[in-house]
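Colleague: Sequence and predicted structure, then a few things I'm wondering about:
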Amino acid sequence: MSIENASPDHGHHAAEGETRRDFLFLTAAAFGAVGAGSVAWPFIDQMNPAADTVAMSTTEVNLAPIEAGQAITVMWQGKPVFIRRRTPEEIKEAEDADLSTLRDPQTDASRVQKPEWLILVGICTHLGCVPQGQKSTDVRGDFGGWFCPCHGSHYDTSGRIRKGPAPKNLAVPKYVFLTDTTIRIG
Amino acid sequence: MGSKERQQFDNPVIEWVDSRLPIFTMMQKEYGVFPTPRNFNYFWNFGAIAMVMLVTMIVTGITLAMHYNPSTAGAFDSVERIMRDVNHGWLIRYLHMNGASFFFIAVYIHIFRGLFYGSYKQPRELLWILGMVIFLLMMATGFMGYVLPWGQMSFWGATVITNLFSAIPLVGDSIVTLLWGGFSVDNPTLNRFFALQYLLPFVICAVVFLHVWALHVTGSNNPLGIDVKSSQDTLPFHPYYTMKDTFGILVFLIIYVAFTFFMPNSLGHPDNYIPANPLVTPPHIVPEWYFLPFYAMLRAITFDLNLHLAVAGAIGATLVYDFCWLKQPSNILGVFLGKVRSYLTLGLLSSKPVGLTFFIVVAILAGLPGALLAFFKDMPAFQPVIDMIPFKSVALMPAKLGGVLAMFGSIAVLFVVPFIDKHPVRSAMFRPWYKKGVLALLVVFIILGICGSKPAEGYWVPLAQVMTLAYFGFFLAFLPWLNNNEPVVRLPGSIHEAVLAKAAKAVAVLLLAGLFVGAPVVGAQAQEAKAPAADAVVVEDMAVTSGDTGEVRTQSMEVETPAESAEQAVSAAPDTEKTPTAPEPVHHEAASAHHEMPKLPAVAWSFDGPFGVYDRASLQRGFQVYKQVCSACHSMNRVAYRNLSALGYTEAQIKAVASEYSITDGPDDDGEMFERPGRPSDHFKAPYKNTNQAKASNNGALPPDLSLIVKARTGGANYVYGILTGYEDAPAGVELANGQHWNKYMSGNKIAMPAPLAEGAVSYEDGTPTTVEQYAKDVTHFLAWASEPEMEIRKQTGVKVIFFLGLFALIMYRVKRKIWSKVY
């Protein structure tokens, strides 16, 4: 009844009532926390790729027009994919590389399905620029593969990092040969 | 406040920050120990509730803007993509859509609370005006938000509302062109609306800050409307009102999410699921429900202001001034109007009986022909009389401008309420006449809302006109009249005293409340101490100073009774929150466009109700019917083959279905378009290349896209089912043009589509009867799914959310009771 006791501190109450009240307050706080957390999730998850974006994540490519030594760039998930039809020399160079000298050691065989076709995500693993080396007029770096002009990373003819700041080899996307001359990326 | 008075915090981090930026001290002062009247009822929750809704709108709005495309080509599609493809997009959009309505519900209740308890009065005039600024900004934001989805209602709402400004004489048309950024509502309009619609909520935030600041200077009003006199009258804001507000917010949220999850489109219009078409206006344009009362006033002015009516009106206004406003020399507005009056009447009214009679006679002589011209012009019976009226072609103000002025005036008058109502008593609890008036105003406002939702024809027009007069009459005649005439009741000495008296009478009150739960006691009134008008202020002072007398205590007890039972009623039935503000215009279209329509068949759908789900078998059969029959003419552009997994098809089956279609893709390396088999990610292949080809192949009638057909028609699934089964031979005497057919459920009964379904046309593999009714049922089921693919997850989530919120509300109620138990 008394108004003097209306202050939020509740030190003068019996211990039993205290416990029951604390439990009630804790439950309420827990409900608040769970509620806030559940509400937060949809607002975060909405930023993830939407269903149509996920569904569109394959690209089919016809390889027939590509000559040995030539390369094309196709778009997959909004990113450039390098498809290079390698010459025998380039394949040999890639296969002969000394794995112990590599920053991210991978054999060439583990990076291709058919040695002739090198298929890579054309994004420098350093900070995401597109390396040069697709056009015959491009600078291809010290190892005949690709050269990233942003910060000077050199990739070899298997797309492996050989020199410069990039930490990893150029990524190999998931792809399958639908026929001898068509692939589906993704 | 100076940092020297600052109290130290125990936590060193908080102390470090606070000694440099006393934000914690400020929070402690404004929301911790802030002295708050101890006698708030649940109406005082709505400020906090409105705040929660503002935050909800901003959070959902910003996330929607991450996916929305503000262009005429992409807006509608991007909204549908949010509904179908963006993760939880349907949830966020429905929260935003219904959040607008519930923000307005909260704010309308908040405003009415202010009116009822006189919260706008001295010293809170600026607080009230800032609140009205927020209300105005909300209306602008709500209107522009409704334009963004770029449906039919968006487009035509934008057209109608921007055209309001064309009523302004001379510069009106230039202003409208400026608003549009073109010669019609178009891409530039949509772009700027989006930019402003993103900006305005933050402007609202700024004004809310000022609103709260002003509140914390004057302190809150309270149900008794008397000032706080000592610390005994108040409680610290925390925990008493933080906990009570949290409980109230949770109850409000339950109703809000119930709409969001179970009837998300009930407060909107089906027409807005039809993409905007600048060439066709929907038959019945109505704004969002929260604008309806004002919209009704806009439409109520159907007549030009003629000379006669103007003369009668001017005299009427003078008389109203004389009877209602006079004797208020302290009132700035009163003094101003007094000057206007003496000029207008050439001083004739100073000799009262003669002048009065003269003016009343003139008013009647002018008013009768004026009213005939304005309201009965088209009635043949009055034609001979009307022909005799002189000067009838003089139009002082066109109806269009009159309507716009009435609408804006109805909001403007709210701004100046604090300067009209000068009665010394705040709360309607102690103003029996005002109480009746303000409750009548509420009724008038609701009736206006209903009028606004109806087509402007028949008795709705005169009803809206009378209600508009009543609305303005309340503010411009009734309120000033009360200033001089309403007796002043003796007020309780203090809040503290009133609360204690209430506690003493607790048993009696509980009994009373038990008897009258849900039926707020209106009639119970305190004994009035009638006082001559001129002495009003003095009497109030008396009541305040003589607060200790036993007589006053008895007064306060009796007066408290209705307050208590009203509070009980609100807590017992939270739904009543809707009543002041929500005239829901749900079935207006069915009621308006076609009066003699047979009732739609009521099919028992498996997806009805809060636990409804789609029937997979029926969906698959429906898809078969669509594929074999409907898809010959109707596209379903928003549905992709991959979506068919929701029908229960496997990935392989979907690939097979998709590959049946040849999709145009390209350009290839040679720049040519090419054909390839469909993939699951492709959308349903349309039967025609474009709308022109579709029209040309169908006698000039465009078969509508079916993706949203169930959502885009009043009556929903039952309507679609009705159309499919409603074909009949035309009744005798009805001429059908070539290519027209008779359908009993079609608006106007004439439909271009021939009866699409015939018995046995599609063979079902599962042995389901191949009747027209069954086909119609199945394909409607499928189309309902296509319109609302999120329906199942939406309802399931809704059940969980409401269960959680209900439990949380119960716990918070216990918490609140526990904390308040220290006070009573």
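Modeller: That came through, no problem.
Colleague: if I look at residue A:46, how far off is residue B:218?
Modeller: 41 Å (Cβ to Cβ, to the nearest Å). Where C-beta positions appear, they are placed from N, C-alpha and C, glycine not excepted.
Colleague: more neighbours, the two?
Modeller: Neighbours were counted for residue A:46 and for residue B:218 using other Cβ atoms under 10 Å in any protein chain shown; residue A:46 has more, 20 against 15.
Colleague: Pretty sure that one sits against residue B:63.
Modeller: Yes. With contacts defined as Cβ atoms under 8 Å, residue A:46 counts as touching residue B:63 at a distance of 5.5 Å.
Colleague: between those two, what contacts are shared?
Modeller: residue B:92 (Cβ atoms under 8 Å, 6 or more residues apart in numbering or on different chains).
Colleague: Skip the chain neighbours and tell me the closest residue to the residue in the stretch 51-200 of chain B positioned nearest to chain A.
Modeller: Using Cβ to the nearest Cβ, the single residue of the stretch 51-200 of chain B nearest to chain A is residue B:88, 3.6 Å away. Distances taken as Cβ to Cβ, 6 or more residues apart in numbering or on different chains place residue A:42 nearest to residue B:88, at 3.6 Å, with adjacent residues excluded.
Colleague: Same check on residue A:63?
Modeller: Counting by Cβ to Cβ, 6+ apart, the residue nearest residue A:63 is residue A:181, at 4.7 Å.
Colleague: Pull the contacting residues for the one you found.
Modeller: Counted by Cβ under 8 Å, 6+ apart, residue A:181 has contacts A:62, A:63, A:64.
Colleague: What is the burial count for the second one?
Modeller: Per other Cβ under 10 Å, the neighbour tally for residue A:63 reads 18.
Colleague: Please apply the same query to residue A:179.
Modeller: Neighbours of residue A:179 (other Cβ under 10 Å): 9.
Colleague: what does residue B:30 give?
Modeller: 14.
Colleague: Am I right that it is in contact with residue B:216?
Modeller: Yes. Residue B:30 is in contact with residue B:216 according to Cβ under 8 Å; the separation is 5.6 Å.
Colleague: Using neighbour counts, pick out the buried residues of the helix or strand containing the residue nearest to residue B:88.
Modeller: Residue A:42 belongs to helix A:15-45 when elements are defined using DSSP states H and E. Neighbour-count burial for helix A:15-45, counted by 16 or more other Cβ atoms under 10 Å in any protein chain shown, picks out A:21, A:24, A:25, A:27, A:28, A:31, A:35, A:42, A:43.
Colleague: Pick the one among those residues closest to chain B.
Modeller: Among the buried residues of helix A:15-45, and counting by Cβ to the nearest Cβ, the member closest to chain B is residue A:42, at 3.6 Å.
Colleague: how close does the closest one get to residue B:86?
Modeller: 10 Å.
Colleague: Now do the shared contacts for these two.
Modeller: With Cβ under 8 Å, 6+ apart, residue A:42 and residue B:86 have common neighbours residue B:92.
Colleague: hang on, the earlier thing: closest one of the contacts of residue A:181 to chain B?
Modeller: Of all those, chain B sits closest to residue A:62, with 7.8 Å by Cβ to the nearest Cβ.
Colleague: Show me what from the stretch 101-250 of chain B comes close to chain A.
Modeller: Residues of the stretch 101-250 of chain B found near chain A (Cβ under 8 Å from any Cβ of the partner chain) are B:232, B:235, B:236, B:238, B:239, B:240.
Colleague: Of the residues you listed, which belong to helices?
Modeller: Counting by DSSP state H, those place B:238, B:239, B:240 in helices.
Colleague: Name the nearest residue to the first one, sequence neighbours excluded.
Modeller: Taking Cβ to Cβ, 6+ apart, and ignoring the residues beside it in sequence, residue B:238 has residue B:32 as its nearest neighbour in space, at 4.9 Å.
Colleague: burial measure for that neighbour, as a count.
Modeller: Counted with other Cβ under 10 Å, residue B:32 comes out at 16.
Colleague: any idea of the pLDDT on it?
Modeller: Note on residue B:32: pLDDT of 93.
Colleague: and it, what does it touch?
Modeller: So residue B:32 contacts B:236, B:237, B:238 (Cβ under 8 Å, 6+ apart).
Colleague: Whichever of those end up buried, select them in ChimeraX.
Modeller: The buried residues among the contacts of residue B:32 can be selected in ChimeraX (16+ other Cβ under 10 Å) with this line:
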select /B:236,237,238
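Colleague: Adding distance to residue B:78, write the contacts of residue B:32 out as JSON lines.
Modeller: Output for the contacts of residue B:32, formatted as JSON lines (distance: Cβ to Cβ, whole Å):
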{"residue": "B:236", "distance to residue B:78": "48"}
{"residue": "B:237", "distance to residue B:78": "43"}
{"residue": "B:238", "distance to residue B:78": "43"}
